[in-house]
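Asks: Quick check, what structure comes out for this input:
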Amino acid sequence: MESRLGGGVPGEAARSAEDGSFGEALRLELEEKEREIVALRGRLAECEAELVRYRNRCGRIDEYVKALRERDRTMAAEAGTRIEEGLRATAERFRSFRDEMDESASVWQREIYEKTSSLERELSSMRQGLQQTVRLWREEMFRGKFESIGISYRQLCSILGRIEAANARRASEGLGELPESARLRRWLVDFERALASIGLEIIRPGCGEPFDSERHALDASCRKDGGLSPDDDLVVTGCALPGMGYRSDRDDLFVVVVQAIVTASRP
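Replies: Predicted coordinates:
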């Protein structure tokens, strides 16, 4: 009897020690997860404050762009009116002078007529040049403003992408997504609607689309690991960050403000 009891005590002690080690490891792992969650929530609070500032800034930019457009239309209309009035007055003055000349001075009439026609062509060219200058000035000014908006939009997409990655990890652990996720998605939708209202278009290529070196930029991983170059014949395999552009008033061409960051491969 004593031999059987004596033989059982070491086994129980080993199992108890093993259970204690497992429980301690589990407790340490849970504490580490809790610290990660606290750090992530602190980062999310910072992101939320930053996004609020971006949203307020975009509202002000929208009003500023509308005011600029209205001022540009007024300036263009006034400049065009002044040039048209000048053209009409000049042409009328020279036509009257030509009609009053004596028939015997037909040579002079022809010279005056040629000078008048030349002046009209010169003034017409000046008007077109002024209108072109106004369009170029407006487009260059808007491009600088739009670039800062595009960078803010990509930062918002990057933040939301990191949060979605965190949600995927939580889902694999049987946890629900972070409560801030739905709010950030709504903010992104509101941001994109505001961009569309001022004529900006999102560049978000789908898988299988041809790589366009003007609209797309290769992700660093494709350059470093894949050895790819923007000059290669490539197809898009994924969109890491969207880009942004707009239609030019000058020639209806698409102007890229911020390129989309994509992954790609050879076909």
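Asks: Please count neighbours and contacts with C-alpha atoms only from this point.
Replies: Will do.
Asks: so is A217 in a helix, a strand, or just coil?
Replies: Under the three-state scheme (DSSP: H, G, I helix; E, B strand; the rest coil), A217 adopts strand.
Asks: Isn't it up against A264?
Replies: No: applying C-alpha atoms under 8 Å as the test, A217 and A264 come out as separate, 9.7 Å apart.
Asks: For the helix ranked longest in the chain, name the packing helices and strands.
Replies: If you go by DSSP state H, the chain has its longest helix at helix 2-100. Counting by 3 or more C-alpha pairs under 8 Å, 6 or more residues apart in numbering; DSSP states H and E, the packing neighbours recorded for helix 2-100 are helix 106-172, helix 180-197.
Asks: What angle do helix 180-197 and that helix make with each other?
Replies: 10 degrees (axes from the mean of the first three to the mean of the last three C-alpha atoms, to 10 degrees).
Asks: wait, what's in contact with Q259?
Replies: I203, E214, R215, H216, A217, P242, G243, M244 (C-alpha atoms under 8 Å, 6 or more residues apart in numbering).
Asks: Would you reformat the helices and strands packed on helix 2-100 as JSON lines and include mean pLDDT?
Replies: As requested, those are exported to JSON lines (pLDDT from 0 to 100):
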{"stretch": "helix 106-172", "mean pLDDT": "74"}
{"stretch": "helix 180-197", "mean pLDDT": "86"}
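Asks: now those helices in a markdown table, with distance to R223 and mean neighbour count?
Replies: Shown next, in a markdown table, are the helices and strands packed on helix 2-100 (distance: least, C-alpha to C-alpha, whole Å; neighbours: other C-alpha atoms under 10 Å):
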| stretch | distance to R223 | mean neighbour count |
| --- | --- | --- |
| helix 106-172 | 20 | 15 |
| helix 180-197 | 29 | 14 |
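Asks: Nearest to V257 among those helices would be which one?
Replies: helix 106-172 (5.5 Å; C-alpha to C-alpha).
Asks: about what we covered before: averaged pLDDT, the longest helix of the chain. What do you get?
Replies: Averaging pLDDT along helix 2-100 gives 73.
Asks: Dihedrals phi and psi, L175?
Replies: Main-chain torsions, L175, degrees, to the nearest 10: phi -110, psi 160.
Asks: re earlier: and the contacts of Q259, which two are furthest apart?
Replies: Across the contacts of Q259, the two lying at the largest distance from each other (C-alpha to C-alpha) are E214 and P242, at 13.5 Å.
Asks: more crowded one of the two?
Replies: For E214 versus P242, neighbours defined as other C-alpha atoms under 10 Å are more numerous around P242 (21 against 12).
Asks: so that one makes contact with I203?
Replies: Yes: using C-alpha under 8 Å, P242 is in contact with I203, at 5.5 Å.
Asks: residues shared between the contacts of those two?
Replies: With C-alpha under 8 Å, 6+ apart, P242 and I203 have common neighbours Q259, A260.
Asks: Return the residues in contact with P267.
Replies: Per C-alpha under 8 Å, 6+ apart, neighbours of P267: D233, L234, V235.
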